[in-house]
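Q: kindly return the folded structure for what I paste below:
(one chain, ligands or ions: 1)
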Amino acid sequence: MGKSPSKSTKVLPVIPLPTPLALLPGTTLRIPITNRADIAAILAKIYSVSATARPDAAITVACVPLCHPQLSKDGRLLIEEGANKKGKKDAGAGNAEVDPVNATEADLFGYGCVAKVSGVQGRRQGELGLVVEGLERVRVESVIQERPYFEAVIGGLVEDVDTADREVAEQFQLLKQLSRELLALVRLSTILPGSNTVTLSPIVARRLELYIARKELDEAGALADFMANVIDCTHEEKLRVLASLDAKERLDRVIEILQRQITNLQGANRATVTTEAVPQNPKELVEWYSRRMIDNLKKKSSDTSTPRNMPPGFPGFPGGANGVGGEEANELEELKKRLEAAQLSPEADKVAQRELQRLQRMNPAQAEYQVCRNYLENLAEIPWSKVSEDRLDKETLLRAKRQLDDDHYGLEKIKKRLLEYLAVLKLKEVGKKEIDEEIRRLTKGSEEKMEEGEKEGQKEEEKETLVKKGEKLEQKKPPPREPSEQELRLLEKKRMVDKSPILLLVGPPGTGKTSLAKSIATALGRKFHRISLGGVRDEAEIRGHRRTYVAAMPGLIVSGLKKVGVANPVFLLDEVDKLGMSNFHGDPSAAMLEVLDPEQNHSFTDHYVNIPIDLSKVLFIATANSLDTIPPPLLDRMETIQLSGYTTLEKRHIATRHLLPKQITSNGLHPENVELPEEVLDKIITAYTRESGVRNLEREIGSVVRSKAVEYATAKDTDSLPTYSPLVTLSDLDTILGIERFTEELTEQHARPGVVTGLVAYSTGGQGSILFIEIADMPGSGRVQLTGKLGDVLKESVEVALSWVKSHAFALGLTTTEDEDIMKNRSIHVHCPSGAIPKDGPSAGLAHTVALVSLFSGQPVPPTLAMTGEVSLRGRVLPVGGIKEKLIGALRAGVERVLLPEGNRKDVQELPEEVRRGIKIECVGGIWEGLGMVWPERFAGRGLGRVDARL
Ligand SMILES: Nc1ncnc2c1ncn2[C@@H]1O[C@H](COP(=O)(O)OP(=O)(O)OP(=O)(O)O)[C@@H](O)[C@H]1O
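A: From the prediction side, this is the model:
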């Protein structure tokens, strides 16, 4: 039969298929759509029409392959026809080099296949493919347009098989038998344990078998199409099958290819039998046989331009379409390119090459394939040598200072340290450039020398090796040169210069540690990445899992590098103090030791990557809330910068300069819409927050601003804007924020014996305040009662104070004789108000002593005089902590005079100006001196010497 009559004609968009693709009815194909403007235009057109007309209609296009140089447009062999003369003009110009986007009418084959578009597949840009399902064979009658995409009149063809024809029936049976035979050969491989060439899963093989078995005689043409797609045939053969309209002719062609393929396989196996030792054990024999066979299949398929690892083409299995081999090749090619672009370190490059070769040999169906691919992708994503350019110019330090000042109020000491750090970094950069230059000069010199030597001595040898066929590229490269001693010394020097100290910012929450680190990154123009170490219990989280684990991944450090994409980012290691301790998952802090040691981190090894990675260019800044839980070896590697928490005054400034403008903007208002007077801000700070940082303060200011936003919006909606007042008053605070959460202690108006004003710094909030020490006496037998939720240390401090007073009672003028017991007929009760707040620490020792003396002597202490300091039994007053917070609290409470231990004199220098001006600060070295300052007329002139003599 020649040509079947055309059923009907219709106009369809045409997708020219890139050589060697061809679509046959009943099969699926994945057409790469990168750089295919024509496909994009077709889809855009179709979607614009079908979206309005028939949204559920199948999208159909005609897929037409490009011509083959040896075939005429209707699939005849040109030599067959003696067509050197006649066929030339008939022949398509199509070949592998014709880009389907630039194809002309002459390049299109005469037959094609109407296909349903079933979707777009692929993960990344370069891998996207249009998946189409072949429906029916058609003839291209005439082309209507070529650009922007092909449109042609397509003639449908009647497909009927002459079932009465005995010859057709016989051929059909033969086709079925051969198909099963081929399938059986391929399936053999899958039953072999340990074979790394599993090509067909048993389920797919079973379904293929069923598919073949269920085909009836009237579907002989369809089965032939299907098998032509499954088996390994050339582009030319496929085009000829496509052009075979007659089922009998098609069967003939497919049978011929099938037979050839099976014979080839068997022939190849037979040939190897003669050269290789054949295993005697039956199991080994099966294994050996199928391995040979699969190798053969692979070799054959790699000869054609579409390498193929599994028999493709099964309706409903888009992955098995005949674009699959191409896809893998693309993927590998792309991976290779990405690895090249990643400029791997020499070690990494070696590993990558080895893994790439393994991957090429592997079957994609193997689980190991994905593991290997993921690994290589990870390698390609790690920035081995890519760095962002530091903005280390003349302006750097100025700019950094401006940046730090703009983002943060106060913190002068810390900013100074950070600027020092940047200055050193800048100087080192200059030094590094000089070393680089020197290394380059040295390298160039020795390479030139080497080249000369090569020219003379190795010319002939070199030629020979270069000419060798199949030689790999890397073999052509000159062998790596051994660095000279001088170079090694320079490299070592460079490594030393590369080292940068690791800063640790320690301070209470919300004091700006994270934002300081961010400002440094911005000032330097480096990328910033935050790694939260809080709660990391597993060493593998930092160092990654070994590749042998399922779903193994690189650790936090390598993931961070991958994310920023450069080798010199700023890494913020947040909450180092919350890092888990050693447990059965390993020791996370020990893993950090390597990361944070400038001596070691140029060769940090992640378990997953398993190749040394240079972290010396990374600028690490760690943060912690306290130093107590950081393991000493880890702490030792970092340079600590302490952030002490803000005073109310600093908080007020931070609130006006940073927090309020921030909240106003984020709540959609303008600066003129909200006005927070100083006393309102102070009240928010003291009565609604008690913290060292400013997080809660920011939250409370946010609440106030939001409530103002509601007012403003309502006023705007009701056209009563003129009545809106931006001012927030003290009384508004009660309604907006609720009742005061913390009340401020104020100094007493009247002095009473036994009551002394102490100073306290709340450890939770870092805020300071005054605290009253109240002591009352009553008839009794020397009992001491303590209330006010006092901690052990505070209780002991009361006992020390009492012992000192008892032992010095006579000298203090409290008893008339030296051996009289002052507590003989009385008991005392020591109380510290605000009983719900736990208090501890030795700093109230001086206050207790003074309170006891005051009680026993009946002389009151002025309420505006506050004191702090630990006392020892010898009568010394020892230094205490939190002076800054305590004195700021004291000023707020109305204290006018403060007694501090002599040892805290240095802290006075760091006090805010307001405090130093507002409070008279006096330092005392011993209790006698302190007593002399409280009651000058009674105790002035008494000193330590007397106390020591008594003990
Ligand atoms: N001195 C300051 N000037 C301006 N804003 C500040 C200052 N200190 C803190 N802030 C602001 O306080 C907020 C909290 O700061 P940040 O997140 O840096 O705290 P942190 O110290 O890292 O806290 P944590 O220990 O809980 O991680 C940020 O919005 C920051 O801008």
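Q: make it CA atoms for all contacts and neighbour counts henceforth
A: Will do.
Q: what segments of the stretch 501-650 of the chain are helices?
A: 513-524, 539-543, 556-564, 588-596, 632-636, 648-654 (DSSP state H, counting those that start in this stretch).
Q: just the CA atoms of the last one, as CSV, please.
A: This points to helix 648-654. The C-alpha trace of helix 648-654 is given here as CSV (Å, rounded to 0.1, in the frame of the first residue of the first chain):
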residue,chain,number,x,y,z
THR,A,648,17.3,54.6,81.8
LEU,A,649,19.0,57.6,80.3
GLU,A,650,20.5,55.6,77.5
LYS,A,651,17.2,53.9,76.9
ARG,A,652,15.5,57.2,76.6
HIS,A,653,18.0,58.3,73.9
ILE,A,654,17.7,55.0,72.1
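Q: what's it packed up against?
A: helix 678-683 (3 or more C-alpha pairs under 8 Å, 6 or more residues apart in numbering; DSSP states H and E).
Q: ok, residues contacting the helix it packs on?
A: Helix 678-683 is contacted by residues Thr648, Arg652, Ala655, Val728, Thr729, Leu730, Leu733 when judged by C-alpha atoms under 8 Å, 6 or more residues apart in numbering.
Q: avg pLDDT for that helix?
A: Mean pLDDT, helix 678-683: 88.
Q: any idea how far the next helix or strand after that helix is from the chain center?
A: Per DSSP states H and E, the first helix or strand lying C-terminal to helix 678-683 is helix 695-717. Relative to its chain's centre, helix 695-717 lies at 35 Å (C-alpha atoms, centre = their mean, to the nearest Å).
Q: do helix 695-717 and the ligand come into contact?
A: Yes. Interface with the ligand: helix 695-717 contributes Arg695 (C-alpha under 6 Å from any ligand atom).
Q: quick one: buried residues of whichever helix or strand comes after that helix?
A: As assigned by DSSP H and E, the chain's next helix or strand after helix 695-717 is helix 730-737. Residues of helix 730-737 classed as buried: Leu733, Ile736, Leu737 (neighbour count, 16 or more other C-alpha atoms under 10 Å).
Q: and the helices of the stretch 501-650 of the chain: which comes nearest Gly668?
A: helix 648-654 (20.5 Å; C-alpha to C-alpha).
Q: I'd like the distance from the helix or strand that that closest one is followed by to the chain centre, please.
A: Counting by DSSP H and E, the element after helix 648-654 in chain order, helix or strand, is helix 660-666. How far helix 660-666 lies from its chain's middle: 30 Å, per C-alpha atoms, centre = their mean.
Q: how about the CA coordinates for helix 660-666, as CSV?
A: This file holds the C-alpha atoms of helix 660-666, laid out as CSV (Å, rounded to 0.1, in the frame of the first residue of the first chain):
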residue,chain,number,x,y,z
LEU,A,660,10.2,55.5,68.1
PRO,A,661,11.0,56.5,64.5
LYS,A,662,11.2,52.8,63.6
GLN,A,663,7.8,52.1,65.2
ILE,A,664,6.2,55.2,63.7
THR,A,665,7.3,54.1,60.2
SER,A,666,6.3,50.5,60.6
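Q: could you pull out the buried residues of that helix?
A: Leu660, Pro661, Lys662, Gln663, Ile664.
Q: nearest to the ligand among the residues you listed?
A: Lys662 (8.8 Å; C-alpha to the nearest ligand atom).
Q: which residues does the closest one contact?
A: Not one residue lies near Lys662 by C-alpha under 8 Å, 6+ apart.
Q: now do the end-to-end distance for stretch 102-120.
A: Start to finish, the residues bounding stretch 102-120 are 22 Å apart (C-alpha to C-alpha, to the nearest Å).
Q: which outside residues touch it?
A: Applying C-alpha under 8 Å, 6+ apart, the contact partners of stretch 102-120 are 16, 23-25, 58-68, 73-75, 92-94, 128-141, 143, 146, 242-243.
Q: that older thread, nearest to the ligand among the contacts of helix 678-683?
A: For the contacts of helix 678-683, the nearest to the ligand is Ala655 (7.7 Å; C-alpha to the nearest ligand atom).
Q: tell me how many other residues surround that closest one.
A: 23 (other C-alpha atoms under 10 Å).
Q: get me the contact residues on the protein for the ligand.
A: Contacts of the chain with the ligand, taken as C-alpha under 6 Å from any ligand atom, map to 407-410, 508-515, 625, 654, 658, 694-695.
Q: filter the residues you listed to the buried ones?
A: Buried, going by 16+ other C-alpha under 10 Å: 407-409, 508-514, 625, 654, 658, 694-695, out of these.
Q: where's the dip in pLDDT among those residues?
A: Pro508 (81).
Q: counting contacts, what elements does the strand of greatest length in the chain pack onto?
A: Using DSSP state E to define each element, the chain has its longest strand at strand 129-145. Judged by 3+ C-alpha pairs under 8 Å, 6+ apart, the packing partners of strand 129-145 are strand 28-32, strand 111-121, strand 150-157.
Q: could you dump those strands to a markdown table with mean pLDDT?
A: Shown next, in a markdown table, are the helices and strands packed on strand 129-145 (pLDDT from 0 to 100):
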| stretch | mean pLDDT |
| --- | --- |
| strand 28-32 | 84 |
| strand 111-121 | 83 |
| strand 150-157 | 83 |
